[in-house]
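A.B. asks: show me how the following folds:
(one chain, ligands or ions: 1)
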Amino acid sequence: MARRKKIYEGKAKILYEGPEPGTYVQYFKDDATAFNAQKKATIEGKGVLNNRLSEFFMTGLTNIGIPNHFIRRLNMREQLIRQVEIIPLEVIVRNFAAGTMAKRLGMEEGTPLPRPIVEFSYKNDALGDPLVPEEYILAFGWASQQDMDDIVSIALRVNDFLAGVMHGVGIKLIDFKIEIGRIWDGDFMRLIVADEISPDSCRLWDMKTNRKLDKDVFRRDLGDLAEAYTEVARRLGVMQSAPVNIGKPKLIN
Ligand code: TYD
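C.D. replies: Numbering: from 1, shown residues only. Coordinates of the predicted model:
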């Protein structure tokens, strides 16, 4: 018999029915995919790291008043989250050119942008998450003008928070992606940050060396992904770099 009802299985996470109405359990897998799942691998420990890192970032957002889906971590790979109605957009914030933006505009990766740029991709794997202008989002009714104003404001606040936290540990926040969900309180609707915030959905470069500490390590075969994520976790103080040596039991005289 199944342990509990599976609601949805994605590339890196599984959602299960939660213990109370309006909740889900989000399970972080070790699977990594890139280039719209054409490249796949299992990276031992990635799920544990992302569960812990997403908890860290979401808790930080809660502490500065940015609502999000995180309720509490349940164990090494699972967290309890609020059930939301996901808006089908990848909300991307960029501080430096990289990835598709650098390619599209012929810019060198790492070029600072004059100001943070917020852009949107339509969440659709079959289409490869195409970039969409706000005009499409409004016309197709994926979000209203008020929603878009709120989404941009949330995205920029998350950017300020993440960029600051990363700067404090010697990491440049190049860009990142968040997803936004709707929650209903009777007729009243609110937008909150959902999905995950982890090195799977950010670009993080070491401030001094420009070493990549994010999923590009996997996308571009630059080394050991789990090691890069562990470095981020270690700098943020959210994970021990080595198992704690508690030693042998000692007799107390
Ligand atoms: P972008 O450069 O547009 O795409 P790619 O990652 O394919 O080069 O991505 C900008 C940032 O947003 C980057 O940190 C990865 C993240 N992102 C996701 O995590 N998932 C997505 O579906 C998309 C489109 C971007």
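A.B. asks: what's the neighbour count on the closest residue in space to residue 85 that isn't next to it in sequence?
C.D. replies: Residue nearest to residue 85 in three dimensions, not counting chain neighbours: residue 182, with 4.3 Å by C-beta to C-beta, 6 or more residues apart in numbering. (Each C-beta comes from the backbone N, C-alpha and C, glycine too.) By other C-beta atoms under 10 Å, the residues close to residue 182 number 15.
A.B. asks: mind checking how far residue 182 is from residue 192?
C.D. replies: Plainly put, residue 182 is 8 Å away from residue 192 if you go by C-beta to C-beta, to the nearest Å.
A.B. asks: which residues are in contact with the residue in the stretch 1-150 of the chain positioned nearest to the ligand?
C.D. replies: Relative to the ligand, the nearest point of the stretch 1-150 of the chain is residue 99 (2.1 Å; C-beta to the nearest ligand atom). Contact criterion C-beta atoms under 8 Å, 6 or more residues apart in numbering gives 109, 175, 203 as the residues in contact with residue 99.
A.B. asks: turn those residues into TSV, including pLDDT, distance to residue 228 and neighbour count.
C.D. replies: Formatted as TSV, those follow (pLDDT from 0 to 100; distance: C-beta to C-beta, whole Å; neighbours: other C-beta atoms under 10 Å):
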residue	pLDDT	distance to residue 228	neighbour count
109	98	17	17
175	98	16	24
203	98	12	23
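A.B. asks: joint contacts of residue 182 and residue 192?
C.D. replies: Counting by C-beta under 8 Å, 6+ apart, the residues touching both residue 182 and residue 192 are residue 84.
A.B. asks: let me know the pLDDT of the nearest residue to residue 47 once chain neighbours are set aside.
C.D. replies: When the adjacent residues along the chain are set aside, residue 47 lies closest to residue 28, with 3.7 Å between them (C-beta to C-beta, 6+ apart). Residue 28 is assigned 98 on the pLDDT scale.
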